[in-house]
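Peer 1: quick one, structure for this:
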Amino acid sequence: MHRLRLLVRPDTILRWHRDLLRRRHARMSRPKRPGRPRTIRSIRVLVLRLAKENPSWGYRRIHGELLVLGIKVAASTVWQILADAGIDPAPERASSTWAQFLRSQAEVLLACDFTGARMYVLAVIEHAHRRIRILGATPHPTAEWVTQAARNLVMDLEDAGYRARFPIRDRDGKFPHLFDVILADASIEVALSGVQMPRMNSIVER
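Peer 2: Alright, predicted model coming up:
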């Protein structure tokens, strides 16, 4: 009777068996969908609510608040939730645009500008009601003339009971420094439009 000879050692057979079980377990434990599991809906809703109610909070602040509430989620997950919802970073959400400023302050906004070529007309228009005030017309708008027009404007507004806060004007050199000073004394803060940006003062420009 021939003696049975093994081609491999018993330890090798045991190692093969362990590898087979390990590969089988890994195959059965593999997720059906690749990638990180989707965050549950309640957490996504809470993240979006915190971002909406607190515009100055960034994703790290929101992540910290979630940890305080006992919700363990990665900071990168919070960032991804905000990005997928199209929510801008905190500094961009907290700051207001020029259009938002105009809409929110329409009731107390004035817009002023010079019109004409040979005869300059200084006009002021109310943003909310489109009421136009003609402060004067002159072929030569000197600093003294414009300053007096500012005084007349303040008196007209007081007589009409109109509480203006922000007059918008461009950076035209015909406006002297005293124009802004007189308005500031009446608690009216001048808002300058951008350089060569007439659309920022589009109502009176139009």
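Peer 1: where do the helices of this protein begin and end?
Peer 2: Using DSSP state H, the helices found in the chain span residues 10-29, 41-53, 59-68, 75-84, 90-94, 98-104, 143-160, 177-185, 202-205.
Peer 1: hmm, which helix or strand of the protein has the shakiest average pLDDT?
Peer 2: Ranked by mean pLDDT, DSSP states H and E, the weakest helix or strand in the chain is helix 90-94, scoring a mean of 65.
Peer 1: contacts for stretch 146-154?
Peer 2: By CB atoms under 8 Å, 6 or more residues apart in numbering, the residues outside stretch 146-154 that reach it are 122, 124, 133, 135-136, 174-176, 178-179, 182-183, 186, 188. Using the backbone N, CA and C atoms, a C-beta is placed for each residue, glycine as well.
Peer 1: pull the most distant pair out of these.
Peer 2: Greatest spatial distance in the contacts of stretch 146-154: 174 and 186, 20.6 Å, computed using CB to CB.
Peer 1: and stretch 188-199, which residues are buried?
Peer 2: Of all the residues in stretch 188-199, those buried under the rule 16 or more other CB atoms under 10 Å are 188, 190, 191, 193.
Peer 1: who's in contact with residue 127?
Peer 2: Residue 127 neighbours (CB under 8 Å, 6+ apart): 102, 105, 106, 107, 109, 110, 111, 203.
Peer 1: try it again at 10 Å.
Peer 2: 102-103, 105-111, 164, 166-168, 203-204 (CB atoms under 10 Å, 6 or more residues apart in numbering).
Peer 1: what of residue 162?
Peer 2: Contacts of residue 162 (CB under 10 Å, 6+ apart): 107, 108, 110, 126, 128, 129, 131, 133, 156.
Peer 1: quote the end-to-end distance of stretch 178-196.
Peer 2: End-to-end distance for stretch 178-196, by CA to CA, to the nearest Å: 23 Å.
Peer 1: quick thing: my sequence starts at 50, can you match it?
Peer 2: Got it, first residue is 50 now, which makes that one stretch 227-245.
Peer 1: returning to that earlier point: quick one: the helices of the chain as TSV, columns for mean neighbour count and distance to residue 165 too.
Peer 2: Shown next, in TSV, are the helices of the chain (neighbours: other CB atoms under 10 Å; distance: least, CB to CB, whole Å):
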stretch	mean neighbour count	distance to residue 165
helix 59-78	10	81
helix 90-102	15	48
helix 108-117	16	53
helix 124-133	17	51
helix 139-143	14	40
helix 147-153	13	25
helix 192-209	16	14
helix 226-234	16	18
helix 251-254	16	13
